[in-house]
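Participant: Provided below for reference: sequence and predicted model.
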Amino acid sequence: QGQLVQSGGGLVQPGGSLRLSCAASGFAFSSYVIQWYRQGQGKERELVAVINTAGEIRNIADSVKGRFTISRDDVTSMAYLQMNGLKFEDSAVYYCFVPRVHGYLDVWGQGTLVTVSS
């Protein structure tokens, strides 16, 4: 059916870095666009970054430009979100997402909490 399992995240001080990982299984990972979303407490889910099947970054939120980088490794079926220069407002639950797996199934990771705090 398709599954995404996330790892990484945690507590970090402002200005610090974290890398989120997303391990895919059950579908041809290299054939799909990968997206990262986040949802802060009391906020709507926000699209953070998108990478296409060619490894090109197609979209990244203005709020994270220059600080976050999305990448993928099709050999290991992994996606990553490298987050540098973290700010308080980056605190959120982060999700990896692959739309329309097998043509009809939206697959979400389980979410991972990132807390930026001093």
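Facilitator: Structure's in. What do you need?
Participant: and the closest residue to residue 111 other than its chain neighbours, what are its bridge partners?
Facilitator: The shortest distance from residue 111 to any non-neighbouring residue, by C-beta to C-beta, 6 or more residues apart in numbering, is to residue 93 (4.5 Å). The C-beta positions use only the backbone N, C-alpha and C, and glycine is treated the same way. Residue 93 has these beta-bridge partners by DSSP bridges: residue 39, residue 113.
Participant: check contacts around residue 93.
Facilitator: Counting by C-beta atoms under 8 Å, 6 or more residues apart in numbering, residue 93 touches 38-39, 111-114.
Participant: so how far is residue 110 from it?
Facilitator: For residue 93, the distance to residue 110 (C-beta to C-beta, to the nearest Å) stands at 10 Å.
Participant: The contacts of residue 93, buried ones only, as a PyMOL selection?
Facilitator: To isolate the buried ones among these in PyMOL, judged by 16 or more other C-beta atoms under 10 Å, type:
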select buried, resi 38+112+114
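Participant: Now flag whichever of the contacts of residue 93 is closest to residue 79.
Facilitator: For residue 79, the nearest member of these is residue 112. The distance, counting by C-beta to C-beta, is 12.5 Å.
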